[in-house]
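> pasting a predicted model and its sequence here:
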Amino acid sequence: MSTLHLTLACEDYDRTRPLKDGVVKPEGIEVNYLVMSVEEIFWRMMKYEELDSSELRMGALLRATAS
């Protein structure tokens, strides 16, 4: 089985830091963890959809889906 490569953008939170540090390694997934401010994350996801996964405000997602 090939490894899935995913880019994840989050701020540096204690809850997600084990992914960033490699302490937690999802089986079959190589995580490219990018530390960014939420403003940059929201902009890059909503404008360009350039990340595989990120944190995102529910309101921003609902507003974009409704448009």
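All right, it came through fine. Numbers count the residues shown, from 1 in each chain.
> drop to CA atoms for contacts and neighbour counts, all remaining ones
Fine.
> would you map the helices across this protein?
According to DSSP state H, the chain carries its helices in the segments 17-21, 38-43, 58-66.
> which of the ones you listed sits closest to residue 31?
Closest of the helices of the chain to residue 31 is helix 17-21, at 7.5 Å (criterion: C-alpha to C-alpha).
> returning to what we had before: out of the helices of the chain, nearest to residue 11?
helix 38-43 (6.5 Å).
> residue 10: how many residues sit nearby?
The number of residues packed around residue 10, counting by other C-alpha atoms under 10 Å, is 20.
> what's the answer for the one 5 residues further on, then?
Per other C-alpha under 10 Å, the neighbour tally for residue 15 reads 7.
> what does it show for phi and psi?
Reported as degrees, to the nearest 10, the phi and psi values for residue 15 are phi -80, psi -30.
> specify the beta-bridge partners of the residue positioned nearest the centre of the chain.
Of all residues in the chain, the one closest to the mean position by C-alpha atoms, centre = their mean is residue 54, 2.3 Å from it. Residue 54 has these beta-bridge partners by DSSP bridges: residue 9.
> hmm, it is touching residue 9, no?
Yes - Residue 54 lies in contact with residue 9 (C-alpha atoms under 8 Å); the separation is 4.7 Å.
> shared neighbours, those two?
Common contact partners of residue 54 and residue 9 (C-alpha atoms under 8 Å, 6 or more residues apart in numbering): residue 41.
> circling back to that earlier point, how about TSV for the helices of the chain, with distance to residue 2 added?
As requested, those are exported to TSV (distance: least, C-alpha to C-alpha, whole Å):
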stretch	distance to residue 2
helix 17-21	20
helix 38-43	28
helix 58-66	31
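> got those as CSV, with distance to residue 3 and mean neighbour count columns?
Rendered in CSV, the data for the helices of the chain read as follows (distance: least, C-alpha to C-alpha, whole Å; neighbours: other C-alpha atoms under 10 Å):
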stretch, distance to residue 3, mean neighbour count
helix 17-21, 16, 15
helix 38-43, 25, 16
helix 58-66, 29, 10
